[in-house]
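# Okay, here's the prediction I keep looking at, along with the sequence it came from:
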Amino acid sequence: MPAVDAIKLYTAGEAIAAGRAVIVDGGLLYHFQPGTAAHVNGLAGISMNGTMAGGVVEVQVFGVFESVSLSLTTDSAIFASTNGALSISPPVSGTAQYIGTAIAANKLLINRRESIKR
């Protein structure tokens, strides 16, 4: 379980899936979109649970995010893809948002960095 200060609560502005890169816009939570200029450097963290719009989402902002539903390649850099999906490949256009490093198949060390606008 992550440290208490590693978790923040937000209201979903759209249906949010668990284990996705998310941003906060206007006080509401949305999936990160590489093609949306407003999302540059806006990564809030990784959603820990899914919910419908208006529901509460726990977001892990740092530390080791662990989920049995992850299938990562150990020691790979992890980037945000379309709809906040986690990927070992940065997008070919839009914003490349580095999230962290896979330290096991089901564990991601969140280590946010500045976005790279392509």
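Right, received. Where do you want to start? Residues are numbered from 1 along each chain as shown.

# thought Ile78 was touching Ile103?
No - with contacts counted by CB atoms under 8 Å, Ile78 stays clear of Ile103, the gap being 10.2 Å. No exception for glycine: its C-beta is placed from N, CA and C like everyone else's.

# more crowded one of these two?
Ile78 (26 against 16; other CB atoms under 10 Å).

# where does this structure have low pLDDT?
Applying pLDDT under 70 to the chain flags the ranges 1, 3-4, 118.

# residue contacts, the spatially most central residue of it?
Nearest to the geometric centre of the chain sits Ala21, at 1.7 Å (CA atoms, centre = their mean). By CB atoms under 8 Å, 6 or more residues apart in numbering, Ala21 lies in contact with 31-32, 43, 45-46, 80, 84-86, 97, 99.

# Just the buried ones out of the residues you listed, please.
31-32, 43, 45-46, 80, 84, 86, 97, 99 (16 or more other CB atoms under 10 Å).

# Name the strands paired with the host helix or strand of Gly45 and say parallel or antiparallel.
According to DSSP states H and E, Gly45 maps onto strand 43-47. Applying DSSP bridges to the sheet, strand 43-47 is found paired with strand 21-25 (antiparallel), strand 56-60 (antiparallel).

# Pull the residues that contact that strand.
Here strand 43-47 makes contact (CB under 8 Å, 6+ apart) with 8, 10, 16-24, 29, 32, 57-62, 65, 80, 84, 86, 97, 99, 108, 110, 112, 115.

# let's go with 7 Å and repeat that
Strand 43-47 has contacts (CB atoms under 7 Å, 6 or more residues apart in numbering) with 16-24, 32, 57, 59-61, 65, 80, 97, 99, 110, 112.

# Type out the PyMOL command that picks the buried ones from these.
Here is the PyMOL selection string for the buried members of the contacts of strand 43-47, based on 16+ other CB under 10 Å:
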select buried, resi 16+17+19+20+21+22+23+24+32+57+59+60+61+65+80+97+99+110+112
